[in-house]
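Asks: Fold the following and give me the result.
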Amino acid sequence: MDQEKLKTIKYSPATGEKLEKVSLALGRSKRLLLVQMTDYFFRNKKDPTDLNDELLKSTLIKSHKTYVSFIKSQEELLLIPIKEAADKMIANQKDIVKFFNEQVLGANKAILKNQQAAQTKLTESDKLLHQVAAQLEGKAQLKARFLQILGGYIRAREELGSFKGREKEELAESVRKEVQNL
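Replies: Sure thing, here's the model as predicted:
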């Protein structure tokens with residue numbers, strides 16, 4: 001390299017010893033090691049003051065592995081049995097709902113059928129009551145009319161007296177016709 005383009009870096013003797021040991025261990029010159037370190041930190045955007053970066057990574061990886069193994073053990077011990085129990089509970093709930101629906105629907109159908117039968121009987125009873133009421137009303141009107149005819153017959157007979165036989169017979173015949181027309 002051209003000596004004019006080189007720049008000088010000053011460091012303490014302790015840092016110089018450390019740089020010497022690292023360069024010997026890696027089999028490189030101090031200058032090459034300094035260039036490679038600069039490139040390394042430049043490319044990786046690592047802070048050289050953060051000495052625990054690799055240590056932190058390995059610690060995080062160990063912790064992550066610990067957490068994952070803990071979660072897997074908990075999954076086997078707790079989560080899988082809980083899920084199986086929940087699945088059984090859901091299946092049982094479905095059976096209970098199915099049975100309940102069958103029973104309730106059956107009971108509701110029976111109740112509805114009984115209500116419809118009762119409604120039919122009530123309708124028939126209502127019709128029968130109307131018929132009986134109509135007959136009673138007709139009977140009452142018939143009695144009133146009969147009493148009217150009978151009263152007219154008695155009055156007319158008394159007016160005729162005891163001597164007119166033929167007129168009495170005509171009166172009796174006309175009253176019979178009126179009663180038959182009722």
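Asks: okay, CA-based contacts and neighbour counts for the rest of this
Replies: OK.
Asks: Give me the three-state assignment for T49.
Replies: Using DSSP: H, G, I helix; E, B strand; the rest coil, the structure places T49 in coil.
Asks: Following the record's annotation, map out the domains of the chain.
Replies: 9-49, 147-181 (automatic domain parsing).
Asks: and those domains, which one's lowest on average pLDDT?
Replies: Comparing mean pLDDT across these, the weakest is domain 147-181, with a mean of 73.
Asks: Can you read off the pLDDT for the residue most central in space within the chain?
Replies: In the chain, the centroid-proximal residue (CA atoms, centre = their mean) is V97; its distance is 11.8 Å. At V97, the model reports a pLDDT of 91.
Asks: What's the separation between it and I149?
Replies: 76 Å (CA to CA, to the nearest Å).
Asks: before we move on, what about R43?
Replies: Taken as CA to CA, the span from R43 to I149 is 135 Å.
Asks: which of the two has more neighbours?
Replies: I149 (16 against 9; other CA atoms under 10 Å).
Asks: Surely that one is in contact with Q180?
Replies: No. The pair formed by I149 and Q180 falls short of the contact definition of CA atoms under 8 Å, at 11.3 Å.
Asks: For D95, give its distance to P81.
Replies: Taking CA to CA, one finds D95 at 21 Å from P81.
Asks: That concludes my questions; thank you for your assistance.
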